[in-house]
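Visitor: Fold the following, please.
(chains A and B)
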Amino acid sequence: MKNYTPNLNIDITFRESRCEINLKGNLVIETLHKLFDFFHNLKFSFSEVSFDCSNLINLDISGGFALKKILSEFKEKGIIVNVKNLDPKFMRIMDMVETTSCETDFFKKNVENNILYKIGLFVFKLKDDVIDFLSFLGEIVVTFFYVIIGKYRFRMNEIFYELENSGVYAIPIVSLVGLLSGVVLSYQGAAQLEKFGANIFIVDLISLSIAREMAPLLTSIMVAGRSGSAYTARIGSMMLNQEIDSLRIIGISPTELLVIPKLIAMLISLPLLIFIADVVGIGSGIYLSHFLLNLDFTTMLIRLKTSLSLTSFLIGILKGFIFAIPIVLISCYRGFSVRYNSDELGIKTTMSVVNTIFVVIVIDAILSIVFQKLGL
Amino acid sequence: MSPIIEVKNLNTVLGEKKIHENLNFFINAGEIFAIIGGSGSGKTVLLRELLGLINPYSGTINILGVDAYNQKRRFKNIIEKDIGVLFQSGGLISSLNVIQNVVMPIKEKTSLKKDVINELGLLKLKMANFPLDSIFLYPSELSGGMVKRAALARSLIMDPKILFLDEPTSGLDPVSATLFNDTIKKLRDLLNITIVMITHDLSTINSIVDRMIVLLKGKIIAQGRVDDVKKTDHPWIKQYFQINN
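Guide: Got it, this is the predicted structure:
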């Protein structure tokens, strides 16, 4: 059998008011546009048309449909149509098309494109979202309580698995981010402080800004992007595969199995990651300052001891505990809200990352004000 | 009749596991051909090989005169143009509704007008017995049977010469399954489409299938006309036809 590219030739001859059309070749889906183009450009100045199909080699269902459509268009215009020499095999196809074709008034504009409708839909979705999140939060609190009083198992294995995945494996990227923030601060700070001759204060600048702000914020954002999206995608695909449903039927609470271990693991790993970012960031900043400002290490380390109080350091670590909660809760909530299809999985994962990072920054801003008012 | 699909000495290895061992069979044009076999006997892998989605370890696959291995580009062309596939779980794109799913291939490959495309889509959906009031639903909102019918409509949209069906009647109630079988038979009779199906449904095998092969543990244990296969003296085949009867 040869691999051909189908071809269609249409010959047309006029005899007074009659018109003869000779179809040659294959009237199949690949050649349909030729047929439609041909009749679209045709001027109707005849009262009778006859189709000669003796040279038609191949006709498929789409071809039959097209032929029928053209014929009925002629009939509507009051033109007499007759079809000659149609192969019985093709006749059957035409009959089938005749019996199965239907009205096409389905394709009408929907009201869904209305802007007011869209705004309304958004508001209602937002309302549902808030209510759903609150009920999810309630479920988590209740489950957590049950875990503490020992009604549910304390899942050591899952916790260690999550610790490894969202903690240990995040160390390289978090250290790198810490290192780079140290580099940025020392370069920016050195240029300014040198003007005042306040070289030694580079230590205060680096240590306080990294320990209190940079390390917690950047680490949390990295973890939210890294682990948060993974949580959403994992739980979301479990939702799509009916795994969550089957867990419920077996009698395992999905929140207890999937959320609580992640929450506990994140509460442990995020403060530790922030500590690592602190060490690497301050270390790299001080190391660079040595070259940029010609300060010697002993002086800087003594300065570090007085500038970086325990409170400042602990505030940074405390932020880790606080940020861990919204990161896990929002990303898991988004995962559980995946319904229907993989499209939604993508949307919800994006939303999860955007929401967690946004919430982390908002909480950070609030905490800054609170600590300022408390005089810490 | 000449064979439209020919498989010779096919061996498949996936990872460390040997999936097929020396498969030889052919499929004639205009035939309804069934591949049956136990779970894990490599039926779906065979289908994926026939579609060029995975490569065999050795042996040749020849569809419409084109070798799957040596003429890769032409084979891909043939797959796209002349072959329709109904995957086991439908394979409908979840972000498109039914009618968009069905007309997607023509939309991509022809320059027809939008209303003609939509009408062709409706025609095929009607041929596949899809209820036309549900054409704007998304795949996630469809029942199992409707997914199968929509997927059948999509596989028919380019008027293929060969139709591959992976467990087309699984998950359908007997009435719908019979209707589905009738549709497939009608298509074959009318258009002379070659139909290759993986199936477990004995009513399908008894009512519409012409020839079949039986795969067990990666080997063909019987092939030929349905009645001949039934007579084969093999415990698995005997059990298969007995239990289902």
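Visitor: Would you state the helices of chain B in chain order?
Guide: Assigned by DSSP state H, chain B shows helices spanning B:43-50, B:72-82, B:98-109, B:114-127, B:144-156, B:174-191, B:202-207, B:226-231, B:235-244.
Visitor: Repeat that for the stretch 101-250 of chain A.
Guide: A:115-149, A:156-162, A:171-196, A:202-208, A:215-223, A:229-240, A:243-250 (DSSP state H, counting those that start in this stretch).
Visitor: Make TSV from the ones you listed and add mean pLDDT to it.
Guide: Below are those laid out as TSV (pLDDT from 0 to 100):
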stretch	mean pLDDT
helix A:115-149	90
helix A:156-162	90
helix A:171-196	92
helix A:202-208	91
helix A:215-223	94
helix A:229-240	92
helix A:243-250	83
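Visitor: Deepest in the core, which of these is it.
Guide: helix A:215-223 (a mean of 25; mean count of other C-beta atoms under 10 Å in any protein chain shown). The C-beta positions use only the backbone N, C-alpha and C, and glycine is treated the same way.
Visitor: Counting by contacts, list what that helix packs against.
Guide: Packing partners of helix A:215-223 (3 or more C-beta pairs under 8 Å, 6 or more residues apart in numbering or on different chains; DSSP states H and E): helix A:171-196, helix A:260-293, helix A:310-336, helix A:342-374.
Visitor: right, and those - which one's nearest chain B?
Guide: Shortest distance between chain B and the helices and strands packed on helix A:215-223, using C-beta to the nearest C-beta, is found for helix A:342-374: 4.0 Å.
Visitor: I'd like the average pLDDT over that closest one.
Guide: For helix A:342-374, mean pLDDT is 92.
Visitor: tell me which parts of the stretch 251-376 of chain A are close to chain B?
Guide: For the stretch 251-376 of chain A, the residues in contact with chain B (C-beta under 8 Å from any C-beta of the partner chain) are A:339-343.
Visitor: ok, 10 Å please
Guide: Within the stretch 251-376 of chain A, the positions adjacent to chain B are A:339-346 by C-beta under 10 Å from any C-beta of the partner chain.
Visitor: any idea which of the residues you listed has the most stuff around it?
Guide: residue A:345 (22 neighbours; other C-beta atoms under 10 Å in any protein chain shown).
Visitor: what sits against the residue lying closest to that one once chain neighbours are set aside?
Guide: Of all residues not flanking residue A:345 in the chain, residue A:236 sits nearest, at 4.5 Å (C-beta to C-beta, 6 or more residues apart in numbering or on different chains). Residue A:236 is in contact with A:244, A:331-332, A:334-339, A:342, A:344-349, A:352, counting by C-beta atoms under 10 Å, 6 or more residues apart in numbering or on different chains.
Visitor: Next: residue A:171.
Guide: Residues in contact with residue A:171 (C-beta under 10 Å, 6+ apart) are A:269, A:272-273, A:276-277, A:280.
Visitor: Need the max-distance pair from the residues you listed.
Guide: Spatially, the most separated pair among the contacts of residue A:171 is A:269 and A:280, at 16.0 Å (C-beta to C-beta).
Visitor: measure the nearest residue to residue B:219 once chain neighbours are set aside to residue B:192 for me?
Guide: Using C-beta to C-beta, 6+ apart and skipping the chain neighbours, the partner closest in space to residue B:219 is residue B:21 (5.2 Å). Shown here: residue B:21 relative to residue B:192, a distance of 33 Å by C-beta to C-beta, to the nearest Å.
Visitor: what about stretch A:23-38, start to end distance?
Guide: Taking C-alpha to C-alpha, to the nearest Å, stretch A:23-38 runs 12 Å from one end to the other.
Visitor: which stretch among the helices of chain B comes nearest chain A?
Guide: Between chain A and the helices of chain B, the shortest gap by C-beta to the nearest C-beta is with helix B:114-127, which sits at 4.6 Å.
Visitor: How about that closest one and chain A, touching?
Guide: Yes. Counting by C-beta under 10 Å from any C-beta, chain A is contacted by helix B:114-127 at B:114-127.
Visitor: Name the residues of that helix that come out as buried.
Guide: B:116-127 (16 or more other C-beta atoms under 10 Å in any protein chain shown).
Visitor: Which elements pack onto it?
Guide: Secondary-structure packing of helix B:114-127 (3 or more C-beta pairs under 10 Å, 6 or more residues apart in numbering or on different chains; DSSP states H and E): helix A:32-40, helix A:61-76, helix A:88-100, helix B:98-109, helix B:144-156, helix B:174-191.
Visitor: Just give the number of residues close to residue A:362.
Guide: Residue A:362: 11 surrounding residues under other C-beta under 10 Å.
Visitor: ok, now which ones touch it?
Guide: Neighbour list for residue A:362: residue A:326 [criterion: C-beta under 10 Å, 6+ apart].
Visitor: so who does residue A:284 touch?
Guide: Residue A:284 makes contact with A:175, A:178-186, A:206, A:210, according to C-beta under 10 Å, 6+ apart.
Visitor: Out of those, which is nearest to residue B:228?
Guide: residue A:175 (69.9 Å).
Visitor: Surely the closest one and residue A:275 touch.
Guide: No. Here residue A:175 lies out of contact with residue A:275, judged by C-beta atoms under 10 Å, at a distance of 11.1 Å.
Visitor: Tell me how far stretch B:29-44 lies from the chain's centre.
Guide: Centroid separation for stretch B:29-44 versus its chain: 9 Å, with C-alpha atoms, centre = their mean, to the nearest Å.
Visitor: Can you list the buried residues in that stretch?
Guide: Neighbour-count burial for stretch B:29-44 flags B:29-37, B:41-43 (criterion: 16+ other C-beta under 10 Å).
Visitor: before we move on, what about stretch B:175-188?
Guide: For stretch B:175-188, burial by neighbour count (16+ other C-beta under 10 Å) applies to B:176-181, B:183-185, B:187-188.
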